[in-house]
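[1] Need the 3D shape of this:
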Amino acid sequence: MKAINKTIIFLSQLSLYIMLFSFLTRTTITQAAEKTTKPRVLFIYPVEKGFPFWDSQVNFAQAVSDTLNFELDVAYPPEEFRDRFGASIYIQNILDSQAQKPDLIITSFWVGSETKILTLLDDREIPLISINSDISPTQFSELGLPREQFPLWLAHLSPDDTLAGGQLATAILQHSRANRCPSSHCNVNIFAITGASYSAVSKQRINGMNSVLQTDKNNKLLNIVYGNWERKLVKKMTSTIFKRHEDIHAFWIASDVMAYGLQDGIEEFNLMLPKSTVIGSMDWSPSSIDKIKDGSLNMSLGGHFLEGGLALILFFDYLNDRDFKQQTGTVIKTKMSLLDVSNVGEMGAFLKHPKWSETRINGYSKFLNPQRENYNFNPQEIIMEQLTPHANNH
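    Predicted coordinates:
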């Protein structure tokens, strides 16, 4: 009887050991799986698919994602959802359709959609880094800064569009005067084409342009028209623009795509454009490279297509307990760089067909490089680093 009892006790203990071993093994495997699972990032493309600027944005974000081991999904909202009413509905539909929520969302805000998007993601406990579209001080006073009212709104990363509008105006004035007159103070007649009337980016770029023109004095702003960021619309406008204004010395244009529309219209309507006429735009679109080289476009201000990838680098450090907030704060303003005949030869080939260096991308992370003091948000410096001899050694 004692032998039977001992056997029962032994079997019971053995059973407990087996169960404990099984539990610990499953736990270890689960923890290992959790550690090796790629963080999922949802990138919401805010305009029509195929827009050159946003294609460049996705290209760099994908390179960073591959290097830092993220899983990047890109979503393309249909037109009916690309406004302040539909944006949050589209994001909600995407989230409802997925079995697993993303670890981060990267998107631009449509003007008027900010509170709805932030509230939705806060309720779902999904971190957000917003990019590209600037947020006014008035909006920040209502929303709070990132991580205040909405703790999982990790950061807002956008170019200083007011500064950019002024940068482009200054470059256009300098170029026009260098082409047309020995005096650096001769008058320049400028025609401006901006984006949509409701767009914060449009308004800020125009404000920056106006600030420079008001200071310069020796210029005349002939008109400002809204091209709604559309190539075809600007093309249609071109004939009317030239009929009403025969003395245009320079075009200030808020995006490369709209500059292409102007050139399409000039060709379509057989219009004459003096060689000294300056055309300057923004975005560093790949198609602009050859146009700058052949002189049909004089300059493009840009580099802000890097924002999506830079947001991923910041998030990578954040996940690894190197919170970027200590250095950058949660509202990060970047400065665009000028691409013109002086540097297009060196940078142009890469911008048309980028091959991003994993070594360089890793080098931008402070977690992977503890000795690194500051993040680099300078577009021209980032591109030039890619062109150094060892940059393509993976």
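[2] contacting residues around stretch 261-274?
    Applying C-beta atoms under 8 Å, 6 or more residues apart in numbering, the contact partners of stretch 261-274 are 193, 227, 230-239, 242, 251, 253, 279, 291, 296-297. (Glycine included, C-beta is placed from N, CA and C.)
[3] Out of those residues, list just those in helices.
    Among the contacts of stretch 261-274, the members found in helices (DSSP state H) are Arg231, Lys232, Leu233, Val234, Lys235, Lys236, Met237, Thr238, Ser239, Phe242, Lys291.
[4] Compare those and tell me which is most surrounded.
    When neighbours are counted by other C-beta atoms under 10 Å, Val234 leads these with 26 neighbours.
[5] Contacts only, for that one.
    Taking C-beta under 8 Å, 6+ apart, we find Val234 in contact with Ile193, Gly227, Met258, Gly261, Leu262, Asp264, Gly265.
[6] Then Val201?
    Counting by C-beta under 8 Å, 6+ apart, Val201 makes contact with Asn132, Ser133, Asp134, Asp161, Gly195, Ala254.
[7] which residue packs closest to the fourth one, ignoring adjacent ones?
    On the basis of C-beta to C-beta, 6 or more residues apart in numbering, the spatially nearest residue to Asp161 that is not a chain neighbour turns out to be Gln204, at 3.8 Å.
[8] Surely the one you found is within a helix?
    Yes: under DSSP: H, G, I helix; E, B strand; the rest coil, Gln204 sits within a helix.
[9] Thr170 versus that one, what's the distance?
    Distance, Gln204 to Thr170, by C-beta to C-beta, to the nearest Å: 16 Å.
[10] Among the two, which residue is more densely surrounded?
    Using other C-beta under 10 Å, the more surrounded residue of Gln204 and Thr170 is Gln204, with 23 against 18.
[11] My read is that the more buried one contacts Gly165, right?
    Yes: using C-beta atoms under 8 Å, Gln204 and Gly165 qualify as a contacting pair, with a distance of 6.6 Å.
[12] ranges for the strands of this protein?
    Listed in chain order, the strands of the chain (DSSP state E) span 40-44, 71-75, 104-107, 128-131, 153-159, 188-194, 219-226, 250-253, 278-282, 299-302, 331-334, 337-340.
[13] mind giving me CSV with those strands and columns for mean neighbour count, mean pLDDT and distance to Gln98?
    Below are the strands of the chain laid out as CSV (neighbours: other C-beta atoms under 10 Å; pLDDT from 0 to 100; distance: least, C-beta to C-beta, whole Å):
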stretch, mean neighbour count, mean pLDDT, distance to Gln98
strand 40-44, 21, 97, 8
strand 71-75, 17, 96, 9
strand 104-107, 25, 98, 12
strand 128-131, 25, 97, 16
strand 153-159, 24, 96, 20
strand 188-194, 23, 97, 37
strand 219-226, 16, 97, 37
strand 250-253, 27, 98, 39
strand 278-282, 27, 98, 35
strand 299-302, 26, 97, 33
strand 331-334, 18, 95, 28
strand 337-340, 21, 97, 37
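[14] Could you dump those strands into TSV and include distance to Leu145?
    Shown next, in TSV, are those (distance: least, C-beta to C-beta, whole Å):
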stretch	distance to Leu145
strand 40-44	22
strand 71-75	26
strand 104-107	18
strand 128-131	12
strand 153-159	8
strand 188-194	28
strand 219-226	31
strand 250-253	32
strand 278-282	27
strand 299-302	27
strand 331-334	6
strand 337-340	27
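[15] Can you check which of these gets nearest to Ser113?
    Comparison of the strands of the chain against Ser113 by C-beta to C-beta identifies strand 104-107 as nearest, at 9.6 Å.
[16] Return the distance of the closest one from the chain's centre.
    How far strand 104-107 lies from its chain's middle: 11 Å, per C-alpha atoms, centre = their mean, to the nearest Å.
[17] One more: stretch 368-387?
    For stretch 368-387, the distance to the chain centre is 17 Å (C-alpha atoms, centre = their mean).
[18] How about stretch 164-178?
    The answer for stretch 164-178 is 23 Å, by C-alpha atoms, centre = their mean.
[19] before we move on, what about stretch 281-291?
    A distance of 16 Å separates the centroid of the chain from that of stretch 281-291, by C-alpha atoms, centre = their mean.
[20] in it, what's buried?
    Across stretch 281-291, burial judged by 16 or more other C-beta atoms under 10 Å covers Ser281, Met282, Asp283, Trp284, Ser285, Pro286, Ser288, Ile289, Lys291.
[21] Stretch 160-174 now?
    Residues of stretch 160-174 classed as buried: 160-173 (neighbour count, 16+ other C-beta under 10 Å).
[22] How about Ala164, nearest residue that isn't a chain neighbour?
    Leaving aside its chain neighbours, Ala164 sits nearest to Met336 (4.8 Å; criterion: C-beta to C-beta, 6+ apart).
[23] One more: Gly345?
    Lys293 (7.6 Å).
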